[in-house]
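Novice: Sequence unavailable; structure follows:
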């Protein structure tokens, strides 16, 4: 764990201390706001279908795994647009959580995409989502949750996923869903 933190700190120093790379939080928030508004006003409709929740077997006791739901039946809607190789989207999803209760997640997602297999039809993507989740443990009070996301896409169909970090027997969940763009 200490090695990971050290590597992340070193990477941050390299990225943010380079004079050629000027990062501005103010500009980042301005771009975020503009992308959310553009997705809302001009984005194409998307449908989200949760397909799998996987609890990391290295961080859970076997007995706990047997208690948890890994089939997150649910549905979501959103709007998104592609700006060059970058995807921006807003969305809302509701699904059965690990404890079989309803959970919601709504927010903004960003991904940079790369073409694969010498085709513009196939892409892989990596980025983040900034949103709020509502769970029964928190009396459905919205809780902010920034998460990494990744995807593999073919034309307008994407398999997206996010990893929710955690501690022993809590968190450490890979959540995957299909996104269909129209």
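Specialist: Sure thing, it's come through. Predicted model, so just to flag it, every value in this text is computed and none were measured.

Novice: How about residue 122: what's its closest non-neighbour residue?
Specialist: The shortest distance from residue 122 to any non-neighbouring residue, by Cβ to Cβ, 6 or more residues apart in numbering, is to residue 116 (4.8 Å). For every residue, glycine as well, the C-beta is placed using N, CA and C.

Novice: Tell me the spatial nearest neighbour of residue 165, not counting adjacent residues.
Specialist: In space, and not counting its chain neighbours, residue 165 is closest to residue 171: 5.7 Å by Cβ to Cβ, 6+ apart.

Novice: do you know how far the one you found is from residue 137?
Specialist: Counting by Cβ to Cβ, to the nearest Å, the gap between residue 171 and residue 137 amounts to 12 Å.

Novice: between those two, which one's more packed in?
Specialist: Neighbours per residue, other Cβ atoms under 10 Å: of residue 171 and residue 137, the larger number sits with residue 171, 15 against 11.

Novice: contacting residues around the more buried one?
Specialist: Residues in contact with residue 171 (Cβ atoms under 8 Å, 6 or more residues apart in numbering) are 59, 164, 165.

Novice: Residue ranges in this structure under the pLDDT threshold?
Specialist: By pLDDT under 70, the low-scoring segments of the chain are 1-22.

Novice: and the longest helix for it?
Specialist: Of all the segments assigned as helix in the chain under DSSP state H, the longest by residue count is helix 25-42.

Novice: which residues pair with the spatially most central residue of the chain across the strands?
Specialist: Compute the mean C-alpha point of the chain, and by Cα atoms, centre = their mean the closest residue is residue 149, 3.7 Å away. When assigned by DSSP bridges, residue 149 has beta-bridge partners residue 127, residue 162.

Novice: how much space between it and residue 34?
Specialist: With distances taken as Cβ to Cβ, residue 149 is found 20 Å from residue 34.

Novice: on that earlier part again, let's see the ChimeraX selection covering just the buried ones among the contacts of residue 171.
Specialist: A single ChimeraX command selects the buried members of those (16 or more other Cβ atoms under 10 Å):
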select :59,164
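
Novice: Does residue 58 belong to a helix, a strand or coil?
Specialist: Residue 58 carries the three-state label coil when classified by DSSP: H, G, I helix; E, B strand; the rest coil.

Novice: Check the gap between it and residue 123 for me.
Specialist: Applying Cβ to Cβ to residue 58 and residue 123 gives a distance of 30 Å.
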